[in-house]
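Chemist: Based on what follows, work out the 3D shape:
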Amino acid sequence: MMQPRLVFIFTICTAMATQDSSLPVTLSTRSASTQTIALTVARKTPLQIVLDREVRIKNTGQPVRGRLVQPVYAFDRLVAPAGTEVDGHITRIGTLSRKKRALGILNADFTPARKIDVQFDQLVLAKGRKVPFKSIVTPGSGQVMELVSNQDEKKKKSAKDSISDKIAQAKQEARRQWQEAMKQIKEPGKVHRLERFAFSQLPARPQYLDAGTTYFAELQEPLDFGSEPFTPQMAALIGSAIPPGSLIHALLVTPLDSATTKKGARVEAVLSQPLFDGDRLILPAGSRLKGRVLQVRPAARLHHNGQLRIAFREIVPPDGVSQKVVASLESVQANQDGHVKLDSEGGAEASTPKTRYLATALSLALAAAAMREHNDEDDAGRSQPGVGADTGVKLVDIVLSFAIKSQPFGMAMGAYGAGRSVYTHFISRGQDVVFPRNTLIEIGIGSRGKTVLQP
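Modeler: Presented below is the predicted three-dimensional model:
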């Protein structure tokens, strides 16, 4: 005879398996009498895939290969570890609008970057086992990502309890796993990077997908990995007290953008990995985190960057009984070009590289040099014109300024580069904090409050 709690969980799991859910794992039972649970990765589960080598774009149908940067779980079972090979192909090479083509020509760029759509359709597991699947790549994909941790050095030094130490150790282990997964990416060498930089300055050049580019591929059909026994002991532990100092790995269900997200907005995330206390299962993959946006500030002119702060206060396992928790954002996956940083309390802010001062100073110095060269010898055409830096003018413009023996042209190039650099780095709108759907987050758990029943 099954225990009441086990029957309740089986009922919930069966209901979840029959609906269109965005949970990463669909829980179901083959039969209540056999007490087994289906290891099914549900529809809409995101697979985080990173290209392991650069791809030179040639044509549609061209194969691409990536690897899982995050493991995939079904309930409590690892079914596809990080580093698993994923095969796909290019489905579409976008066309250029007249406006984009014209602006490119004005900037000495005759081959502006086109939008490249890709699709992934096969996992290659251990021993060469191939698992086909259908997926769509979601918005926010196609960027080189990094794992950003909060600035907690002062907090760790002043902490007297073991919770902070436990979270710090868990973060170090998570970062080690991230680095192990990223080691399989074939990074270009220094010579190759210089070649790519030179190509990027040419008016006509090939287009590439960089190694390390990350895609979120959501499954369009469930993946079945068999079943496993579901014991009364497992049922009794699910939803029990979460040990303080635990680190939860989750994926955002709610996309966030400091430009559009409102203060007080609800935020949801879903556990991408089960939470264990030793060998005891506390929360299976697919459990929900619920919270709100506590603070938001959109980017503004004069290069003021956006800010965003969220907090999760509730965890809901599959049985529907939620727990009140004290949680903090410890790490987040972010676009490398976004320069996102986290403070000690988990608030996210876009930062501006300090190199903007050097780049702007260089462009202003070159513009001033071009102006100083205007003398009697210049009028005779015997002097070289000044040029802008790469902050405002491309290499091709520098070559043109030397090829065209014209003082006004050199002065124009210098002024254009300086003006563009000043506007871009100091006057224009700053960067917003953007976390697309399926962004990886790591949540540290403090103390647990009272347990409440969800209606």
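Chemist: after the helix or strand hosting residue 250 comes which helix or strand?
Modeler: Using DSSP states H and E, residue 250 sits within strand 247-252. Moving toward the C-terminus from strand 247-252, the first helix or strand encountered (DSSP H and E) is strand 256-257.
Chemist: hey, where'd the strands end up in the stretch 51-200 of the chain?
Modeler: 55-56, 63-68, 72-74, 77-80, 85-93, 116-124, 130-132, 135-137, 143-149 (DSSP state E, counting those that start in this stretch).
Chemist: so what strands line up beside the first one?
Modeler: Spelled out, that is strand 55-56. strand 208-209 (antiparallel) (DSSP bridges).
Chemist: Need the residues that contact the strand it pairs with.
Modeler: 51, 54-57, 64, 116, 118, 142, 196 (CB atoms under 8 Å, 6 or more residues apart in numbering). Yep, even glycine has a C-beta here, placed from its N, CA and C like the rest.
Chemist: What average pLDDT does it get?
Modeler: For strand 208-209, the mean pLDDT works out to 91.
Chemist: Give the next helix or strand downstream of that strand.
Modeler: Toward the C-terminus, strand 208-209 is succeeded by strand 213-219 as the next helix or strand (DSSP H and E).
Chemist: tell me the angle of that following strand relative to strand 63-68?
Modeler: Using axes from the mean of the first three to the mean of the last three CA atoms, to 10 degrees, the direction of strand 213-219 lies 80 degrees away from that of strand 63-68.
Chemist: Give me the buried positions along strand 213-219.
Modeler: Residues of strand 213-219 classed as buried: 213-219 (neighbour count, 16 or more other CB atoms under 10 Å).
Chemist: out of those residues, who's nearest residue 238?
Modeler: residue 219 (23.8 Å; CB to CB).
Chemist: which non-adjacent residue is nearest that closest one?
Modeler: In this structure, residue 219 finds its nearest non-sequential neighbour in residue 45, 4.8 Å apart by CB to CB, 6 or more residues apart in numbering.
Chemist: now swap in residue 297 and tell me
Modeler: residue 307 (4.3 Å).
Chemist: Count the residues that sit near the one you found.
Modeler: Number of residues near residue 307 (other CB atoms under 10 Å) recorded here: 18.
Chemist: go on, the one 3 residues further on?
Modeler: The burial count assigned to residue 310 is 25, neighbours taken as other CB under 10 Å.
Chemist: Quick check: pLDDT value at it.
Modeler: Predicted confidence (pLDDT) for residue 310: 92.
Chemist: quick one: it is in a helix?
Modeler: No. The assignment for residue 310, made by DSSP: H, G, I helix; E, B strand; the rest coil, is strand rather than a helix.
Chemist: Tell me how far it lies from residue 219.
Modeler: The gap separating residue 310 from residue 219 is 26 Å, by CB to CB, to the nearest Å.
Chemist: again with residue 105
Modeler: 42 Å.
Chemist: what angle separates the strand holding residue 250 from strand 213-219?
Modeler: Here strand 247-252 runs at an angle of 80 degrees relative to strand 213-219 (the same axes, to 10 degrees).
Chemist: neighbouring strands for strand 247-252, and are they parallel or not?
Modeler: Sheet pairing for strand 247-252, assigned by DSSP bridges, gives strand 266-271 (antiparallel), strand 440-453 (antiparallel).
Chemist: Output the contacting helices and strands for the helix or strand that the first one is followed by.
Modeler: Following strand 266-271 in sequence order, the next helix or strand is strand 275-277 (DSSP H and E). Strand 275-277 is packed against strand 280-283, with contacts defined by 3 or more CB pairs under 8 Å, 6 or more residues apart in numbering; DSSP states H and E.
Chemist: so residue 273 makes contact with residue 287?
Modeler: No. The pair residue 273 and residue 287 fails to qualify as a contact (CB atoms under 8 Å) at a distance of 10.3 Å.
Chemist: Those two: which is more packed in?
Modeler: Set residue 273 next to residue 287 and count neighbours by other CB under 10 Å: residue 287 wins out with 26 against 21.
Chemist: pLDDT at that one, what is it?
Modeler: Value for residue 287, per-residue pLDDT: 91.
Chemist: what does the one 10 residues further on give?
Modeler: Residue 297 is assigned 92 on the pLDDT scale.
Chemist: where's it relative to residue 259, distance?
Modeler: Residue 297 sits 10 Å away from residue 259, taking CB to CB as the criterion.
Chemist: Now for these two: what residues contact both?
Modeler: The contact sets of residue 297 and residue 259 overlap at residue 306 (CB under 8 Å, 6+ apart).
Chemist: show me where the stretch 251-400 of the chain has strands.
Modeler: Using DSSP E, counting those that start in this stretch, the strands of the stretch 251-400 of the chain run over 256-257, 266-271, 275-277, 280-283, 288-297, 307-316, 321-335, 340-342, 348-350.
Chemist: Show residues contacting the third one.
Modeler: What it means is strand 275-277. Contact partners of strand 275-277, identified using CB under 8 Å, 6+ apart, comprise 76, 242-243, 246, 248, 281-283, 287.
Chemist: Return the member of these nearest to residue 122.
Modeler: Among those, residue 76 lies closest to residue 122 (CB to CB), at 25.2 Å.
Chemist: OK, contacts around the residue nearest to that closest one when sequence neighbours are not counted?
Modeler: In space, and not counting its chain neighbours, residue 76 is closest to residue 274: 4.5 Å by CB to CB, 6+ apart. Applying CB under 8 Å, 6+ apart to residue 274 gives the contacts 73, 75-76, 281-285.
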